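Asker: Here's a sequence, model it:
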Amino acid sequence: MLTVKDLVKHFPLKAGRFSSSEEKIHALNGVSFTLGKKQTLGIVGESGCGKSTLAKAILGIKPADSGSITLDPPDTRMQYIFQDPYLSLDPKMQVKDIITEPMTAAGMITKKEVVKEAQRLLELVGLPKDWGTKYPHEFSGGQRQRICIGRAISSRPGIVICDEPVSSLDVSIQSQILNLLLELQDKLEISYIFIAHNIAVVLYMSDIVSVMYAGYIVESANPQELYADPMHPYTKLLLSVVPEIGKNKRIFEQKITGEVPDLIHMEAGCPFYSRCPVHKDVCRTAIPQLKPGEKSDHSCACWLYQ
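Answerer: Now for the predicted structure:
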């Protein structure tokens, strides 16, 4: 349904009103992937790696500098679920108007049909259908996120981008929201791009997981393969901090040192070079490409495998 190829996005660095600086923040550096129908692509990485910039570039909110984004079919609708359900709902609007707003904006329903459609959507996301006349402040965080999900699916999108949809919720509520997303995907045949910094959540939700670092995808595989046999040193680092009940915690073999790369003055080599405990000389001078390993569905951008 979606093909992204060589997406690049740089943000000009504004040092002041009268500055003539041409320095740029390298947010995306040639990102490519495909997304199939009723498939979930999980994108994981630490804050600042380019996850949200990628989502906004796909939606056209912050258009990419270069690269291509292709939808199949071309009229496929895309919608967005925001991270914070407290800031993403208008406090002056009733829920029935919030949840049906994409439909009315697209001319899919008339004003007379708002109440009926709102009731249908509220029931679909697990809320009482007669709550449409309430306001956002009357709901808990989990309930607000259900409203946000209802709003996202109201216009019958083919693709929904979930940008950290549970990170601001209590742990006890997170699993309910994740399972709701999976149920809706099965009912409505939606494809998801699921963005998070918690790799355990991404592994649970995704059919394919792509690991991002400093604007690059450094590894991509199905969740079972990625968990059982991670290839990139950064992926191994992420997995080493995932708690496992009843098991000894994974310990990364080498100590991690060094600093997060400067996204303004990018070095010539691998962006993970300064923190990688197993780097080689070539890692300093050349960027490894994302290439398949021994298994065709497991790709890695690391000189250890190329």
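Asker: Extract the residue ranges of the stretch 1-150 of the chain that are flagged as low pLDDT.
Answerer: 15-21 (pLDDT under 70).
Asker: That one: strands as residue ranges?
Answerer: Using DSSP state E, counting those that start in this stretch, the strands of the stretch 1-150 of the chain run over residues 2-12, 24-35, 40-44, 66-71, 78-81.
Asker: out of these, nearest to residue 224?
Answerer: Closest approach to residue 224 among the strands of the stretch 1-150 of the chain (C-beta to C-beta): strand 40-44, 12.6 Å. C-beta here means a position set from N, CA and C on the backbone, and glycine is covered the same way.
Asker: Name the strands paired with that closest one and say parallel or antiparallel.
Answerer: Strand 40-44 sits in its sheet next to strand 191-196 (parallel), strand 208-213 (parallel), going by DSSP bridges.
Asker: Include mean neighbour count and distance to residue 151 when you put the ones you listed into TSV, please.
Answerer: Shown next, in TSV, are the strands paired with strand 40-44 (neighbours: other C-beta atoms under 10 Å; distance: least, C-beta to C-beta, whole Å):
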stretch	mean neighbour count	distance to residue 151
strand 191-196	24	16
strand 208-213	25	26
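Asker: For those strands, give me JSON lines that also has distance to residue 126 and mean pLDDT.
Answerer: As requested, the strands paired with strand 40-44 are exported to JSON lines (distance: least, C-beta to C-beta, whole Å; pLDDT from 0 to 100):
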{"stretch": "strand 191-196", "distance to residue 126": "18", "mean pLDDT": "96"}
{"stretch": "strand 208-213", "distance to residue 126": "27", "mean pLDDT": "96"}
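Asker: circling back: just so I know, which of the strands of the stretch 1-150 of the chain lies nearest residue 59?
Answerer: For the strands of the stretch 1-150 of the chain, distance to residue 59 was read as C-beta to C-beta. The smallest value, 6.0 Å, belongs to strand 78-81.
Asker: tell me which residues of stretch 167-178 are tucked away?
Answerer: 168, 169, 173, 174, 176, 177, 178 (16 or more other C-beta atoms under 10 Å).
Asker: and what of stretch 111-118?
Answerer: 114, 115, 117, 118.
Asker: ok, the second one - contacts?
Answerer: Right, the one you point to is residue 115. Residue 115 makes contact with 96, 132, according to C-beta atoms under 8 Å, 6 or more residues apart in numbering.
Asker: 6 Å instead, please
Answerer: Listed by C-beta atoms under 6 Å, 6 or more residues apart in numbering, the contact set of residue 115 reads residue 96.
Asker: hmm, back to that, by pLDDT, give me the weakest of the buried residues of stretch 167-178.
Answerer: Within the buried residues of stretch 167-178, the minimum per-residue pLDDT falls on residue 168 (84).
Asker: Wait, that residue touches residue 84, no?
Answerer: Yes - applying C-beta atoms under 6 Å, one finds residue 168 in contact with residue 84, separated by 5.2 Å.
Asker: Distance-wise, check residue 142 relative to residue 133.
Answerer: The gap separating residue 142 from residue 133 is 20 Å, by C-beta to C-beta, to the nearest Å.
Asker: Dump stretch 92-112 to PDB, keeping only the CA atoms.
Answerer: Extracted in PDB, the C-alpha atoms of stretch 92-112 (Å, rounded to 0.1, in the frame of the first residue of the first chain):
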ATOM      1  CA  LYS A  92     -14.300  23.200  23.500                       C
ATOM      2  CA  MET A  93     -15.700  20.500  21.100                       C
ATOM      3  CA  GLN A  94     -18.100  17.700  22.000                       C
ATOM      4  CA  VAL A  95     -16.900  14.200  21.400                       C
ATOM      5  CA  LYS A  96     -19.400  13.600  18.700                       C
ATOM      6  CA  ASP A  97     -18.000  16.500  16.700                       C
ATOM      7  CA  ILE A  98     -14.400  15.500  17.400                       C
ATOM      8  CA  ILE A  99     -14.700  11.900  16.400                       C
ATOM      9  CA  THR A 100     -16.600  12.600  13.100                       C
ATOM     10  CA  GLU A 101     -14.600  15.700  12.100                       C
ATOM     11  CA  PRO A 102     -12.500  13.900   9.400                       C
ATOM     12  CA  MET A 103     -15.700  12.600   7.900                       C
ATOM     13  CA  THR A 104     -17.400  16.000   7.800                       C
ATOM     14  CA  ALA A 105     -14.200  17.600   6.400                       C
ATOM     15  CA  ALA A 106     -14.100  15.100   3.600                       C
ATOM     16  CA  GLY A 107     -17.800  15.500   2.800                       C
ATOM     17  CA  MET A 108     -18.500  11.900   3.700                       C
ATOM     18  CA  ILE A 109     -21.500  12.700   6.000                       C
ATOM     19  CA  THR A 110     -24.000  15.500   6.500                       C
ATOM     20  CA  LYS A 111     -24.600  17.300   9.800                       C
ATOM     21  CA  LYS A 112     -27.700  15.200  10.300                       C
END
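Asker: Many thanks, I have nothing further to ask.
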